[in-house]
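Engineer: pasting the structure only:
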């Protein structure tokens, strides 16, 4: 019982966690990533409040801010690499269950039929892919013996495909639908037969001076993967996408990923998306 006149302490407010401002071109993926972070916080038993940064940032700026102890953000999500894991604290449970390593391509409509009979990487090596000059995908495709034309301007890749300077433009499965509706993709189609797939993961990354936060998020993500709640959340957001692009029916061409850190938990099947086919 509280004595008359005694001060009543207000309940402690959750500690803020600042993350990068959303990208207007990727709203569905942004909502999913936010939902995953909230799930991880809940499963960890910690008490945090998510706060969006006031200013937009490029991905390179996000990594710089996060690597700096005086930076203005506390966490982000991005595809892992050896370099990023050396700079930041990774939470090694793939938020996207490895979906970022699933690629389907824009092609010219008149070329669709020849992709129907494409069976392996040796046959694919006859075609030239288009990618951003500094994208991780460029190094991955080249490491698998596939020719790539790199260019610095994203929009120009669509023009290069139309002009036959490249033969296909691979995109992440969760990117391609929105891009297909833009003027840049006019007169191009989504190739329906082939799925390029390599091991990759989008992780939560935390500032290097926040090891406790990284450990809490790791605990929460592991719990969400173990009890199936992460897989259910993934299905809620992406199940229709996987069905719409018939990933299970496509011919899977498996690529190695030389950028993948050796600590990646490939041995934990509950963490990864299974595509039968």
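Structural biologist: Arrived safely, thanks for sending. Not measured: the values here are computed from a predicted model.
Engineer: from here on, contacts and neighbour counts on C-alpha atoms
Structural biologist: OK.
Engineer: can you give me the helices in the stretch 151-277 of the chain?
Structural biologist: Using DSSP state H, counting those that start in this stretch, the helices of the stretch 151-277 of the chain run over residues 154-162, 173-180, 211-226, 229-244.
Engineer: which one, of those helices, ends up nearest to residue 200?
Structural biologist: helix 173-180 (13.3 Å; C-alpha to C-alpha).
Engineer: list the buried residues in the helix or strand encompassing residue 113.
Structural biologist: Secondary structure assignment for residue 113, by DSSP states H and E: helix 112-116. Residues of helix 112-116 classed as buried: residue 112 (neighbour count, 16 or more other C-alpha atoms under 10 Å).
Engineer: number of nearby residues for the closest residue to residue 42 other than its chain neighbours?
Structural biologist: Spatial nearest neighbour of residue 42, chain neighbours left out: residue 220 (7.0 Å); criterion: C-alpha to C-alpha, 6 or more residues apart in numbering. Residue 220 is flanked by 25 other residues according to other C-alpha atoms under 10 Å.
Engineer: do the same with residue 244
Structural biologist: Neighbours of residue 244 (other C-alpha under 10 Å): 9.
Engineer: cool, and residue 78?
Structural biologist: For residue 78, the count of nearby residues is 18 (other C-alpha under 10 Å).
Engineer: please renumber the chain so that the first residue is 312 from this point on.
Structural biologist: Taking 312 as the first residue, the last one we looked at is residue 389.
Engineer: that one: what secondary structure?
Structural biologist: Classification of residue 389 using DSSP: H, G, I helix; E, B strand; the rest coil returns strand.
Engineer: now for the closest residue in space to it that isn't next to it in sequence: which residues touch it?
Structural biologist: Leaving out its chain neighbours, the residue that sits closest to residue 389 by C-alpha to C-alpha, 6+ apart is residue 513, at 5.0 Å. Residues near residue 513 by C-alpha atoms under 8 Å, 6 or more residues apart in numbering: 388-391, 405-409, 411.
Engineer: do I have it right that residue 511 meets residue 571?
Structural biologist: Yes - with contact defined as C-alpha atoms under 8 Å, residue 511 reaches residue 571; the gap is 6.7 Å.
Engineer: these two: which is more packed in?
Structural biologist: residue 511 (25 against 18).
Engineer: next one: the more buried one from residue 501, what distance?
Structural biologist: Distance, residue 511 to residue 501, using C-alpha to C-alpha, to the nearest Å: 22 Å.
Engineer: quick one: which of the helices of the stretch 462-588 of the chain is nearest residue 384?
Structural biologist: Smallest distance to residue 384 across the helices of the stretch 462-588 of the chain (C-alpha to C-alpha): 12.9 Å, for helix 522-537.
Engineer: mind listing what's buried in that closest one?
Structural biologist: 524-536.
Engineer: off-centre distance for the helix or strand hosting residue 347?
Structural biologist: For residue 347, the host element (DSSP H and E) is helix 338-355. How far helix 338-355 lies from its chain's middle: 13 Å, per C-alpha atoms, centre = their mean, to the nearest Å.
Engineer: just checking, what packs against it?
Structural biologist: helix 522-537, helix 540-555 (3 or more C-alpha pairs under 8 Å, 6 or more residues apart in numbering; DSSP states H and E).
Engineer: neighbouring contacts of that helix?
Structural biologist: 333-334, 358-359, 388, 406, 485, 527-532, 534-535, 541, 544-545, 548.
Engineer: please redo it, this time with the cut-off set to 7 Å
Structural biologist: For helix 338-355, the surrounding residues in contact (C-alpha atoms under 7 Å, 6 or more residues apart in numbering) are 333, 358, 406, 527-528, 530-532, 534-535, 548.
Engineer: what about the residue nearest to residue 389, distance to residue 507?
Structural biologist: The value you get for residue 513 to residue 507, if C-alpha to C-alpha is used, is 17 Å.
Engineer: can you pull out the low-pLDDT segments for the stretch 312-461 of the chain?
Structural biologist: Judged by pLDDT under 70, the stretch 312-461 of the chain has its weakly predicted residues at 312-323, 333-339.
Engineer: need the helices for it, in chain order.
Structural biologist: Under DSSP H, counting those that start in this stretch, the stretch 312-461 of the chain gives helices at 338-355, 370-378, 393-398, 423-427, 432-435, 447-454.
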